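*Asks:* sequence plus predicted model, see below.
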Amino acid sequence: MKNYLLIFFLFSGYLFSQHILPLRERAKLIDEIQKERIEKLLPRLMQEEDLDMWVLITREYNEDPVVKTLLPPTWLNARRRTILVFSKTKKGVDAVAITRYNFGKNIRSIWNKEEQPNQWEALADYIKTQNPKRIGVNISEYYGIADGLAKTDYDGMMSVLPRPFQKRVVSAETLAVRWIETRTPIEMIIFNQLVEITHNIISEAFSTNVITPGVTTTEDVVWWMRQKVLDLGLSTWFQPTVDVQRTGKSDLYAFDGKSKTDVIIPGDLVHCDFGISYLTLNTDCQELAYVLNPEEIDAPDFLNYALAQGNAVQDHLTNNFKKGRTGNETLRLAIADSKASGLRPQIYTHPLGLYGHSAGTTFGMWDAQEGIPGSGDHPLYENTVYAIELNTKVFIIEWDKDIRVMLEEAGYYGPNGFRYVNGRQTELILIGAKTPHLN
């Protein structure tokens with residue numbers, strides 16, 4: 001592990017300027033991350049969730065979302081029918097594959113097809129030797145990410161299990177969710193760098209290096225961001241959006257589903273929604289910029305004040321984070337506190353990590369401000385990351401209308417409480433700001 005950490009730290013010093021690890025070094029690091037998660041994280045989670053065995057079954061091009069988080073870095077998909085089994089032992093977890101070959105470096109194959117031609121029977125034989133009391137499988141009503149077991153594969157397993165073992169099969173929903181949502185120390189080091197890269201790309205996108213006021217459109221900036229990510233050897237997990245709000249009778253652009261080709265002009269409040277994927281993790285970030293008029297050196301006070309109101313809603317949400325408290329309960333408290341302060345909030349914060357819209361504690365949706373059954377009832381655990389996504393309406397007298405201050409930032413909840421992974425936006429980015437030698 002130390003060798004690969006050293007590799008990472010050697011490269012991490014360059015990440016501020018967006019130097020990205022070569023693919024070969026990424027693969028080495030991902031192998032070690034997965035090994036640490038299997039050997040150190042999974043035994044604790046299985047113990048806490050009282051599962052003796054976790055069976056994951058998937059097929060090529062129809063991968064269980066949990067299996068995708070375990071794919072070796074040199075594999076882009078599962079192969080044939082892949083069966084992974086994690087058995088709790090006194091020393092930790094025994095990770096095996098009922099496959100024709102090892103599942104990468106961290107999960108060994110135990111199936112000898114020449115001795116047992118039937119893969120399902122081989123699975124049943126292994127389960128009987130382990131004699132687990134509770135066998136978890138990925139079936140879930142509320143989490144798509146934890147519902148990856150196809151009916152065909154469920155039927156295949158159940159058809160070969162003796163009846164006493166069939167009765168031991170239960171949903172592994174909570175284990176799957178906690179596997180997805182829980183971050184390890186090395187992942188949090190990576191996450192910090194990943195969010196920094198995200199911020200750097202947004203800062204460049206919201207500058208006159210990219211935007212020529214009066215010429216550049218919001219869609220131009222969207223495709224610049226996509227191209228920038230590709231040029232860096234990274235990927236996005238969703239199409240970015242860029243939109244503007246301005247004086248006049250136009251609607252709230254980010255929510256009208258229309259104005260995606262606006263020409264950006266001085267006086268605009270520009271907003272982006274942007275995230276990238278790197279080293280198995282994902283970011284999700286929304287920031288705001290103001291396009292300076294030629295005579296301006298700062299954004300108008302009313303827009304700076306509006307941003308402060310958005311920050312206040314963030315604080316009301318994260319100040320209510322408490323271990324064991326559900327997302328729905330936290331949402332109710334945050335909305336009540338915000339409204340008591342005279343704010344007009346809308347909160348739709350979601351788990352973030354191995355997936356962008358990940359599994360874990362969910363704090364509202366834009367169209368479900370009363371709470372969400374299932375994912376909203378999941379309690380808050382430590383060592384988890386969230387996209388603190390929300391907005392507040394602010395009436396702008398000077399524009400004679402409401403605007404929405406839309407913000408989203410990666411935040412970490414751990415043993416010491418809540419913190420932002422790599423800071424949050426508290427000042428508007430200024431497009432067209434003069435360089436010091438021109439002031």
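*Replies:* Here it is on my side, so go on.
*Asks:* okay, buried residues for the longest helix seen in the chain please.
*Replies:* Using DSSP state H to define each element, the chain has its longest helix at helix 185-205. Using 16 or more other CB atoms under 10 Å as the test for burial, helix 185-205 gives 186-187, 190-199, 201-202, 205. (C-beta placed from N, C-alpha, C; glycine too.)
*Asks:* can you list the strands that the helix or strand containing Leu430 pairs with?
*Replies:* Counting by DSSP states H and E, the element that carries Leu430 is strand 429-431. Strand pairing for strand 429-431, using DSSP bridges, gives strand 285-291 (parallel).
*Asks:* follow-up on the earlier one: give the rounded mean pLDDT of the strand holding Leu430.
*Replies:* Strand 429-431 carries an average pLDDT of 97.
*Asks:* list of residues touching it?
*Replies:* Strand 429-431 is contacted from outside by 202-203, 206-208, 211, 213, 264, 270, 287-292, 298-299, using CB atoms under 8 Å, 6 or more residues apart in numbering.
*Asks:* now do 6 Å
*Replies:* Strand 429-431 has contacts (CB atoms under 6 Å, 6 or more residues apart in numbering) with Phe206, Ile211, Ala289, Tyr290, Val291, Leu292.
*Asks:* who are the contact partners of Asp377?
*Replies:* Asp377 makes contact with Thr326, according to CB under 6 Å, 6+ apart.
*Asks:* any idea how far Glu329 is from it?
*Replies:* Asp377 sits 9 Å away from Glu329, going by CB to CB, to the nearest Å.
*Asks:* please, where are all the strands along the stretch 151-300 of the chain?
*Replies:* Using DSSP state E, counting those that start in this stretch, the strands of the stretch 151-300 of the chain run over 169-171, 241-245, 269-274, 277-278, 281-282, 285-291.
*Asks:* let me know the angle separating the last one from strand 241-245.
*Replies:* Which is strand 285-291. Counting by axes from the mean of the first three to the mean of the last three CA atoms, to 10 degrees, strand 285-291 lies at 40 degrees to strand 241-245.
*Asks:* need the next SSE after strand 285-291, C-terminal direction.
*Replies:* helix 301-318.
*Asks:* now do that following helix: which elements does it pack against?
*Replies:* helix 327-340, strand 384-396, strand 401-414 (3 or more CB pairs under 6 Å, 6 or more residues apart in numbering; DSSP states H and E).
*Asks:* any buried residues in the last one, and which?
*Replies:* Neighbour counts over strand 401-414 (16+ other CB under 10 Å) mark 401, 403-414 as buried.
*Asks:* tell me the one of those nearest Lys323?
*Replies:* Of all the buried residues of strand 401-414, Lys323 sits closest to Tyr413, with 8.0 Å by CB to CB.
*Asks:* and the gap between the closest one and Met158?
*Replies:* Separation of Tyr413 from Met158 (CB to CB) stands at 38 Å.
*Asks:* quick one: contacts of stretch 144-158?
*Replies:* For stretch 144-158, contacts defined as CB under 6 Å, 6+ apart pick out 57, 64-66, 120, 137-140, 166, 173, 176-177, 180, 359.
*Asks:* start to end distance for that stretch?
*Replies:* Start-to-end span of stretch 144-158 (CA to CA, to the nearest Å) is 22 Å.
*Asks:* what pLDDT, on average, does that stretch get?
*Replies:* Here the average pLDDT along stretch 144-158 is 95.
*Asks:* one more: stretch 399-410?
*Replies:* Confidence over stretch 399-410 (mean pLDDT, whole number) is 96.
*Asks:* so how far is that stretch from its chain's centroid?
*Replies:* Centre-to-centre, stretch 399-410 and its host chain are 22 Å apart (CA atoms, centre = their mean, to the nearest Å).
*Asks:* for stretch 411-422, same thing?
*Replies:* Chain-centre distance of stretch 411-422: 15 Å, with CA atoms, centre = their mean.
*Asks:* first to last residue in it, what's the distance?
*Replies:* Stretch 411-422: ends 8 Å apart by CA to CA.
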